[in-house]
Each structure stands twice: as C-alpha cells, then as structure tokens.
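*Asks:* have a look at this prediction, sequence included:
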Amino acid sequence: MTEIVTIGIATPPGMTAANGYFSAASALRYDRDEGLAFRIHYGEEPGTTAHALCAGACDVASLNTTVGLIGREQGLPMIAVYGKARRTHRWFAVLPESPIQVLRDLAGAKIACDFAHLAPLAEAALAEEGVARGTYTWVPWRGSGMATRDMVEPVRHGEVDAVFLIDWNAGDFIAEGLPLRRLPSQALDRIRLSSCLWASERGLGGRKDAIAGVGRALAKVTTFALEDPKAAVRLMWQHEPRTHPFAPELTRALRRDLEIMKARLDSFRIDPGDNDPRWGAIDGHEIVAWQDFLLGTASIRQRLDPQGFYTNALVDRFNAFDANQIRAHARAFQA
C-alpha cells in the first residue's frame with residue numbers, strides 16, 4: 001500500500017527547476033520504491049512553511065537552517081533530519097566589472113533581495129563586516145523572486161548595485177546572459193550547512209520509516225541529477241506537465257531550467273573534504289556556528305542545547321543504496 005508523504009517547500013505554488021529534483025524523484029519512482037507517493041505543499045515563504053510543518057500540513061519541509069533555529073526559539077517543535085545544502089546557497093552578487101569587491105564596499109549601495117523576508121539575514125551578514133543598517137538602501141526586486149528576467153536591466157544599468165539572492169537565481173542570471181560575481185562573506189561562507197529537511201517532533205516519532213524513505217529518495221535523486229542534470233530537468237517536465245515549455249520556447253527554457261538545476265545541485269554535492277561524506281549527515285558544529293551567528297546579530301536571544309535541533313539517527317538509512325548503480329542509470333538514461 002502506497003503512503004502519501006507531503007513535502008513542504010517555501011515557495012509560491014507551482015513546481016520549478018529550483019525544486020524540480022523532487023519531481024524527478026517521483027518520475028524515477030524513487031518514492032514508490034519506498035512505498036511512498038510524494039505530494040508538495042507550497043508554503044509561500046519560510047516562516048509559514050515552518051508553522052505548516054508543525055501544524056501537520058506537511059510531513060517534512062525543506063527550509064534554511066536559520067529558519068529552524070529561529071523557529072525552535074519561538075516554540076516550534078521542529079527538528080532537522082537531513083542536511084541538504086552542504087554549503088551556502090545564498091550570497092551577495094554584483095556585475096563582474098563592478099568596483100564593489102567586498103561586503104564593506106556595499107556601504108552606500110542600492111541592494112535588492114529576491115525574497116524580502118530574508119533581508120534580515122543579509123543585514124546580519126553585512127553587520128558582521130561593519131556595514132551598519134542605514135548605510136545602504138534596499139530597493140524592490142522586480143517581478144517574482146522565483147525569477148530574474150525583470151532584474152536583468154536594472155542590474156545591468158546600475159539601478160541596482162548588488163543583489164542578495166538564492167543559488168537558483170544565480171543560475172537564472174546566467175541563463176539570462178548576465179552572470180554575476182559573488183562577493184565573499186565571512187558569515188555566509190564560514191557556515192556550510194545552509195538548509196535541511198525538517199520534521200516536527202511528533203511527525204518524526206510517528207512516521208520515522210516514511211521520513212527515512214524521503215531522505216533515501218532525495219539522496220538517490222541528488223546522485224542521479226548530479227550525474228545528468230539535463231535528464232533531471234526533463235524528468236521534472238515529464239512528471240509535472242505544466243512545467244513543460246511550448247515548442248517555440250523549448251531551447252531557451254531548457255537552458256534556463258538547466259542552469260537553475262545545476263546551481264541548486266552545486267550546494268548539495270559532497271566534497272572530498274566534508275567531515276562526513278554521507279548524504280543527509282548534519283555536523284553539530286555547524287548548528288553551533290549558526291547559533292553563534294544568530295545570537296551575535298540578536299536574531300535569537302537564548303542558546304538552546306544544539307543537540308535538540310537535529311538528529312543523525314536516520315543517516316545510515318538515507319545512504320542504504322548503490323550510488324554507482326544510480327550514476328550508471330543516469331549515464332544511460334534517455335528522458
């Protein structure tokens with residue numbers, strides 16, 4: 001019997017390449033291999049998605065690590081079960097020829113953020129490097145935060161000096177013909193675990209096998225997609241027909257979705273230098289480092305036991321598959 005599992009993602013309704021690996025997992029039947037059927041809950045933004053998770057609207061949710069730590073302080077009984085993005089997936093970026101070289105240079109700059117509710121994270125990163133609030137100006141992101149098309153000309157012509165964006169929008173700028181230069185950040189580059197799959201404490205207690213299955217399916221599709229990201233895009237189109245472009249737009253849409261998918265996957269990959277080279281593993285030192293950062297910027301007010309924020313109890317189960325077999329399948333796959 002197939003068990004429905006609902007995955008929360010903090011975006012407006014509608015699947016895109018930014019989260020298309022979940023659709024690819026279903027197209028490859030990785031969910032069905034676990035006796036599961038994936039459903040998506042679109043939570044609009046991180047805070048409401050965290051509340052939806054704890055209210056039972058979804059079984060797991062893909063959220064920034066900082067969202068979970070802040071949620072815990074607010075009394076939300078949520079726990080990280082799968083370390084998803086293993087390096088920062090959000091940064092400041094400027095035109096390649098911009099005179100802005102480091103974050104300190106953003107004093108006096110006009111900055112746009114793709115999702116306004118994440119501006120406080122940007123402000124905290126700036127404050128750590130001595131750039132105080134009020135010394136720069138926030139300007140609106142043009143169009144949807146899920147896309148960059150309406151931002152290309154404002155950035156190109158200097159109406160916006162810098163953007164604070166998520167990895168998929170960096171890929172989207174590349175697809176739009178305007179690759180940007182990433183600015184180094186002491187805070188954002190120092191702490192690597194930037195997003196996780198979260199479960200409610202109640203959900204983890206009652207649906208541990210299902211959550212283990214979600215994590216293993218995610219690990220498998222990540223392995224597959226890193227081997228052949230173009231196939232992952234086409235599998236998303238196959239599973240979610242509304243994402244499939246019309247024929248006149250096919251070449252452009254494939255280029256765009258592929259750049260977005262590649263940008264997302266880059267933060268998921270395992271590096272030889274990672275402390276624990278297992279899919280989903282969470283390094284407790286990363287949790288402490290985020291706590292220190294949030295405490296230092298007054299985003300949270302108390303230091304809770306870091307052991308209460310995460311568990312690695314399911315990591316071995318996430319990795320119980322033949323990765324070489326998955327890669328071989330990807331190399332031979334024709335979507």
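*Replies:* That came in fine, so what should we check first? Residues are numbered from 1 along each chain as shown.
*Asks:* from what I see, residue 293 and residue 189 are in contact.
*Replies:* No. Using CB atoms under 8 Å as the test, residue 293 is too far from residue 189 to be in contact (11.9 Å). Where you see a C-beta, it was placed from the backbone N, CA and C, and this is true even at glycine.
*Asks:* the two: which has the busier surroundings?
*Replies:* residue 293 (22 against 14; other CB atoms under 10 Å).
*Asks:* find the nearest non-adjacent residue to the more buried one, please.
*Replies:* Excluding the flanking residues, the one nearest residue 293 by CB to CB, 6 or more residues apart in numbering is residue 187, at 5.7 Å.
*Asks:* got the buried residues for whichever helix or strand the one you found is part of?
*Replies:* Element membership for residue 187, per DSSP states H and E: helix 186-190. Using 16 or more other CB atoms under 10 Å as the test for burial, helix 186-190 gives 187, 188.
*Asks:* and for stretch 51-66?
*Replies:* Buried, per 16+ other CB under 10 Å, within stretch 51-66: 51-54, 58-66.
*Asks:* out of those residues, list just those in helices.
*Replies:* Among the buried residues of stretch 51-66, the residues falling in helices (DSSP state H) are 51, 52, 53, 54, 65, 66.
*Asks:* how near is the nearest residue to the second one once chain neighbours are set aside to residue 85?
*Replies:* When the adjacent residues along the chain are set aside, residue 52 lies closest to residue 43, with 5.2 Å between them (CB to CB, 6+ apart). Between residue 43 and residue 85 the distance is 17 Å, computed by CB to CB, to the nearest Å.
*Asks:* burial count for the residue nearest to residue 52?
*Replies:* 24.
*Asks:* same question for residue 113.
*Replies:* For residue 113, using other CB under 10 Å, the count is 24.
*Asks:* excluding chain neighbours, give the residue nearest to residue 270 in space.
*Replies:* residue 277 (5.0 Å).
*Asks:* quick one: contacts for residue 73?
*Replies:* 300, 301, 302, 304 (CB atoms under 8 Å, 6 or more residues apart in numbering).
*Asks:* farthest pair within those residues?
*Replies:* Spatial extent of the contacts of residue 73 (CB to CB) is set by the pair 301 and 304 at 10.4 Å.
*Asks:* of those two, who's got more company?
*Replies:* residue 304 (12 against 8).
*Asks:* I'd say the more buried one and residue 72 touch.
*Replies:* Yes. Shown here, residue 304 and residue 72 form a contact pair, counting by CB under 8 Å, at 6.3 Å.
*Asks:* quick one, what contacts residue 174?
*Replies:* Here residue 174 is in contact with 259, 263 (criterion: CB under 8 Å, 6+ apart).
*Asks:* strands along the stretch 151-300 of the chain, start to end?
*Replies:* 162-166, 181-182, 195-200 (DSSP state E, counting those that start in this stretch).
*Asks:* kindly apply the preceding question to the stretch 1-150 of the chain instead.
*Replies:* Counting by DSSP E, counting those that start in this stretch, the strands of the stretch 1-150 of the chain are 3-9, 36-42, 60-64, 78-85, 90-94, 110-113, 137-138.
*Asks:* closest one to residue 129 among these?
*Replies:* strand 90-94 (10.5 Å).
*Asks:* now for that closest one, which elements pack on it?
*Replies:* helix 119-128, strand 162-166, helix 167-175, strand 181-182 (3 or more CB pairs under 8 Å, 6 or more residues apart in numbering; DSSP states H and E).
*Asks:* compare the mean pLDDT across those and name the weakest.
*Replies:* Mean pLDDT is lowest for helix 119-128 among the helices and strands packed on strand 90-94, at a mean of 89.
*Asks:* give the contact list for residue 210.
*Replies:* 3, 5, 34, 36, 59.
*Asks:* typo on my end, residue 127
*Replies:* 133, 297 are the contacts of residue 127 under CB under 8 Å, 6+ apart.
*Asks:* try 7 Å
*Replies:* Counting by CB atoms under 7 Å, 6 or more residues apart in numbering, residue 127 touches residue 297.
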